[in-house]
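[1] Return atomic coordinates for the entry below.
(2 chains)
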Amino acid sequence: MLQGWIQIIVFAAVLFAIVPLLGGYMARVFSYEARRPQTWKAYAGSVIAFSAMSWLLLYAILRTQTLHPFNPNGFHSGTWDLSFNTASSFVTNTNWQYYGGETTLSNFSQMAGLAVQNFLSAGVGIVVVIALIRGIAGRPLGNFFEDLTRVVLRVLLPISFVGALVLASQGVVQSLSLPVASQEIIKVLGTNGGGFFNVNSAMPFENANGLTNFLEMLAMLAIPASLTFTFGRMVGNRRQGWTIFGAMFVLFAISVTVVYLAESDVTPAQHAAGIVGANLEGKEVRFGTAGSSLWTAITTATSTGAVNSAFESLTGIGGLVPMVNLAYGESVFGGVGTGLYTILLYALLAVFIGGLMVGRTPEYLGKKIEAREVKLVVLGLLFTPLAILVATSLATSLKYGGPSVFASGPQGFSESLYAYMSQANNNGSAFAGYTGYFQPEPGNLGAHGITFADLLGGMTMMLARFIPIIFTLAVAGVMVTKRVAPAGLGTMRTDTPTFAGLLIGVVVLIGALTFFPALLLGPVVQGMTDRLF
Amino acid sequence: MKRNLITSALAVIVFTVLLGLVYPLVITGISQVAFGKNADGNPDLIAKDTKGNPRLFQPRPSQSDYNAKGPSSPNRGPNQAGARFFYRDQLAAYIKLNGPYNPGLTNAEVPADAVTTSGSGVDPHISVDNARIQARRVAQVRGIPLARVNQLVDDNTDGRFLGLLGEPGVNTTKLNEALGR
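    I've put the predicted structure just below:
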């Protein structure tokens, strides 16, 4: 146990060291004059147009596998409903996997389809938050295509290049028949999560040993954590960035602690059979309980969704933590870019609530927060929870949801709830019992999708990705026009531990409490009882 | 908007060529030259089905029959009624196999990794405690000194990286190969 805590503390220390380095570097990458600056509407239009083109190309690739080069097993093309879900999944940085990587996809689909979107959807998330930061800082929002090219060529590609080679040197496979390492690194760096193999990063060929596990965890947090520093630099006050980082880190540290403690004991089923020790079901010996628990917290706090252990085998409370992380709306570090813009929306809301409590005009970085922005912020923040609750209700109340569910009792409900929380938050991790695809044998022959789950999930992913992006860019568009008022005695400071505390309170209140009743029905029931179902 | 769409389409195509073909192929080329066996998929990293052969160290139970590439069925839930019977059977099988060489072996002494399925289905590692229990069986069945078997166990234990990262585990694939030599 002590050894496990030491590993977790070392990890945190390395993360703290990386944040100013990578964060400062990204601030320099994005500090330039755009040749063709865009308004927020034009920026949003480019995001949508680019994502639509990405979607079309990916869908076309998935549907034409029989024509591909690099298809050593001669796999057939995906069904229309499954391909709809998969294309939506990768363009939205979700990487929800109804398909089985190595049993349905040609290497061409993996490399030229999925891995490309791992880069591009990550890039889109990052540039959206950069536009918001510029808006808050009162600078022109920039140009989507110029920003995207910069983030891909100067941030994502160089780190992936080095990272892929390090992973390959440790035993992560990289050959023409299995190009895994090149995809593995961007899968974690871009908080994507879609693995080459069905079992994702539990597979030794994706995650070979303690070192690769450490590096992959670090890669997941590197950009989301460092962007807080980028934010501080770009608005000219580093303390603002560290305050956001602090609020995120506190919630993150709590979730790591809870999972680790919960997984250090056996499950009710294991206890009933007479097993003593820790819950090793679905975990790999080489990572151990600490390496699996830390990963579990990271992959759900960031919107990665890659797994190195089986989530459906977590203890009840251990499985509650990923759900609570999803309920925060991926604002605790979150996805690359998406996490920071979500928590910045929360920060604007916290400023507004704080202003109401002390009876002052709410201000953030010298800019007055008024009715119009607050409306946009609330719409941006509440859309995702709404999508989750509506989709889960449909899936659990209509008969079409039934074929997707594997387990019975509260676990079956947890599977459904988790599926839509994960897809709406563009995370992609799963309680693996939930399925949208039946495949009698490898290669798509005779396979069929569960149309209802595929379409509902695909729509949920797309709406919950792009609608908040549009509101975020709208906020950026409003903020950029506001004049900065000098801070006075009456200004509520937003770079103090007090504000970090207020921010945590708002995230927990809005994020977690929205789902409180739903969480009671699933993981809490399982965590509180020794009954088997 | 039309201009947006044209720029987008061009950008998607250029990025696809760069990120989807050039990048992975360059990485493949370098890895193949520099890392040889590791880049092709080192078979030592994958558990082999020993089919309960008492002369060999048993890897952890697998939910995919040790098939590295096949579709795997889900692992067991924490409150799943069927899971209790699965674990009970696993415990009984482990004690039946190793009990004769470890007198008085009880459920509480069976390491948890020996009776739970791994995440990948092909986890080659077992805990050191698990290996020590199996070592007594392997030594007696093969008629070689226990000290010799324990030495091989030590030789095939993958430690933590820099003594810090990950958990130590005994690689059954390498260990069984070493036993055969």
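[2] List the buried residues for the biggest helix by length in chain B?
    The single longest helix within chain B, with elements called by DSSP state H, is helix B:81-98. Across helix B:81-98, burial judged by 16 or more other Cβ atoms under 10 Å in any protein chain shown covers B:83-84, B:86-88, B:90-91, B:94-95, B:97-98. For the C-beta atoms, the positions are set from N, CA and C on the backbone; glycine is no exception.
[3] and chain A, which of those residues reach it?
    B:83-84, B:86-88, B:91 (Cβ under 8 Å from any Cβ of the partner chain).
[4] and those residues as JSON lines, adding pLDDT?
    Output for those, formatted as JSON lines (pLDDT from 0 to 100):
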{"residue": "B:83", "pLDDT": "92"}
{"residue": "B:84", "pLDDT": "93"}
{"residue": "B:86", "pLDDT": "95"}
{"residue": "B:87", "pLDDT": "96"}
{"residue": "B:88", "pLDDT": "96"}
{"residue": "B:91", "pLDDT": "96"}
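[5] Can you give me every residue that contacts the closest residue to residue A:369 other than its chain neighbours?
    Distances taken as Cβ to Cβ, 6 or more residues apart in numbering or on different chains put residue A:362 closest to residue A:369, at 4.3 Å, once the chain neighbours are dropped. Residue A:362 is in contact with A:351-352, A:354-356, A:368-369, A:492, counting by Cβ atoms under 8 Å, 6 or more residues apart in numbering or on different chains.
[6] Please tell me how far residue A:362 sits from chain B.
    35 Å (Cβ to the nearest Cβ, to the nearest Å).
[7] What of residue A:125?
    Counting by Cβ to the nearest Cβ, the gap from residue A:125 to chain B is 15 Å.
[8] repeat for residue A:486
    Residue A:486 is 39 Å from chain B, by Cβ to the nearest Cβ.
[9] can you pull the contacts of the closest residue to that residue other than its chain neighbours?
    Leaving aside its chain neighbours, residue A:486 sits nearest to residue A:366 (7.0 Å; criterion: Cβ to Cβ, 6+ apart). Neighbour list for residue A:366: A:484-487 [criterion: Cβ under 8 Å, 6+ apart].
[10] for stretch A:493-513, which positions count as buried?
    Buried residues in stretch A:493-513 (16+ other Cβ under 10 Å): A:494-495, A:499-500, A:502-504, A:506-507, A:510-512.
[11] then it to PDB, C-alphas only?
    In PDB, the C-alpha atoms belonging to stretch A:493-513 read as follows (Å, rounded to 0.1, in the frame of the first residue of the first chain):
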ATOM      1  CA  ARG A 493     -10.400  38.400  -6.500                       C
ATOM      2  CA  THR A 494     -10.400  35.300  -8.700                       C
ATOM      3  CA  ASP A 495      -6.800  34.300  -8.000                       C
ATOM      4  CA  THR A 496      -7.000  33.200  -4.400                       C
ATOM      5  CA  PRO A 497      -7.600  29.900  -2.600                       C
ATOM      6  CA  THR A 498     -11.000  31.300  -1.600                       C
ATOM      7  CA  PHE A 499     -12.100  31.500  -5.200                       C
ATOM      8  CA  ALA A 500     -10.700  28.000  -5.900                       C
ATOM      9  CA  GLY A 501     -12.900  26.800  -3.000                       C
ATOM     10  CA  LEU A 502     -15.900  28.600  -4.500                       C
ATOM     11  CA  LEU A 503     -15.200  27.100  -7.900                       C
ATOM     12  CA  ILE A 504     -15.000  23.600  -6.400                       C
ATOM     13  CA  GLY A 505     -18.300  24.200  -4.700                       C
ATOM     14  CA  VAL A 506     -20.000  25.200  -7.900                       C
ATOM     15  CA  VAL A 507     -18.600  22.300  -9.900                       C
ATOM     16  CA  VAL A 508     -19.700  19.800  -7.200                       C
ATOM     17  CA  LEU A 509     -23.100  21.400  -6.700                       C
ATOM     18  CA  ILE A 510     -24.000  21.600 -10.400                       C
ATOM     19  CA  GLY A 511     -22.100  18.700 -11.700                       C
ATOM     20  CA  ALA A 512     -22.500  16.000  -9.100                       C
ATOM     21  CA  LEU A 513     -25.900  16.900  -7.700                       C
END
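[12] Can you name the residues in contact with that stretch?
    Taking Cβ under 8 Å, 6+ apart as the rule, stretch A:493-513 contacts A:237, A:239-240, A:242-244, A:246-247, A:250-251, A:324, A:327-329, A:331-332, A:343, A:346-347, A:349-351, A:353-354, A:364-365, A:381, A:385, A:487, A:492.
[13] Run through the residues that contact the nearest residue to residue A:77 once chain neighbours are set aside.
    Nearest non-adjacent residue to residue A:77, counting by Cβ to Cβ, 6+ apart: residue A:65, 4.4 Å away. When contacts are counted by Cβ under 8 Å, 6+ apart, residue A:65 is found next to A:71, A:75-78, A:105-106, A:108-109, A:444.
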